[in-house]
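>>> below is the sequence, then the predicted model.
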Amino acid sequence: MKKQLFMLCLLSLISARTAFAADSTITITGNVKDNACTVAPGSQEFVVRLMGNAAKQFNQVGTTTPMVPFNIVFDRCASLATGIKVGFTGLADDDNRTLLKIDSGSGAAAGMGIQILDSNRNAIALNAVSSELNWSTITGGQSNTLYFYARLMATQVPVTAGQVRATANFTLEFQ
């Protein structure tokens, strides 16, 4: 009898718990803006040609070559577009993780990485998260061009002379 009474009480507790449940609603809202741009065909894939540089000029870690300019053109920017963040991703140098690693292999240069800079000549860390990137102002409803620089930076001394080749992708965030 006690066992049946216990089961009856347990069943009542379970039923009572369900009876007191209330329905709740969560409403999630957002906004989709037409604020993006299209990357111009000539800026989707391109090569930045760094000048020929002598290995002996890299006499200490941090030594750099002259900056080589390049740009990315954005077409058909939406009328609401006001800003853009551009980041660069790729394989990071082993000695300086903010630099793009030069491809290794037979005949490859070593002891240096590629630094990318913005139009104000401030270094852009490779693989930086969005919060570490700066907004660049763009004008909606038209094409916009953003300017950058690339250069070599010594990460070891002495450096090894050879072929310099690396691949980076760029990421975009619009405002």
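Received, thanks.
>>> flag every buried residue along the longest strand belonging to the chain.
Identified as the longest strand of the chain according to DSSP state E is strand 144-154. The neighbour-count check on strand 144-154 (16 or more other CB atoms under 10 Å) flags 144, 146, 148-154 as buried. Just so you know, the C-beta spots here come from the backbone N, C-alpha and C atoms, and that holds for glycine as well.
>>> quick one: the strands in this structure?
Using DSSP E, the strands of the chain run over residues 38-39, 68-75, 83-90, 100-101, 112-117, 123-124, 136-137, 144-154, 168-174.
>>> direction included, what does the first one pair against?
Yep, that's strand 38-39 we're talking about. Using DSSP bridges, strand 38-39 pairs in its sheet with strand 68-75 (antiparallel).
>>> again, but for the third one
For strand 83-90, the paired strands and their directions (DSSP bridges) are strand 136-137 (antiparallel), strand 168-174 (antiparallel).
>>> contacts for the shortest one, please.
Strand 136-137 is touched from outside by 82-86, 118-119, 146, with contacts defined as CB atoms under 8 Å, 6 or more residues apart in numbering.
>>> same question for stretch 82-95.
35, 37, 72, 74, 98-102, 113, 116, 124, 126-128, 130, 133-138, 140, 144, 146, 148, 155-156, 166-175.
>>> thought residue 161 was touching residue 52?
No: using CB atoms under 8 Å, residue 161 is not in contact with residue 52; the gap is 10.3 Å.
>>> about what we covered before: kindly reformat the strands of the chain as JSON lines containing mean pLDDT.
Below are the strands of the chain laid out as JSON lines (pLDDT from 0 to 100):
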{"stretch": "strand 38-39", "mean pLDDT": "92"}
{"stretch": "strand 68-75", "mean pLDDT": "95"}
{"stretch": "strand 83-90", "mean pLDDT": "94"}
{"stretch": "strand 100-101", "mean pLDDT": "96"}
{"stretch": "strand 112-117", "mean pLDDT": "96"}
{"stretch": "strand 123-124", "mean pLDDT": "97"}
{"stretch": "strand 136-137", "mean pLDDT": "95"}
{"stretch": "strand 144-154", "mean pLDDT": "96"}
{"stretch": "strand 168-174", "mean pLDDT": "92"}
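>>> need these in JSON lines with distance to residue 58, can you?
Output for the strands of the chain, formatted as JSON lines (distance: least, CB to CB, whole Å):
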{"stretch": "strand 38-39", "distance to residue 58": "34"}
{"stretch": "strand 68-75", "distance to residue 58": "16"}
{"stretch": "strand 83-90", "distance to residue 58": "21"}
{"stretch": "strand 100-101", "distance to residue 58": "16"}
{"stretch": "strand 112-117", "distance to residue 58": "6"}
{"stretch": "strand 123-124", "distance to residue 58": "17"}
{"stretch": "strand 136-137", "distance to residue 58": "31"}
{"stretch": "strand 144-154", "distance to residue 58": "4"}
{"stretch": "strand 168-174", "distance to residue 58": "21"}
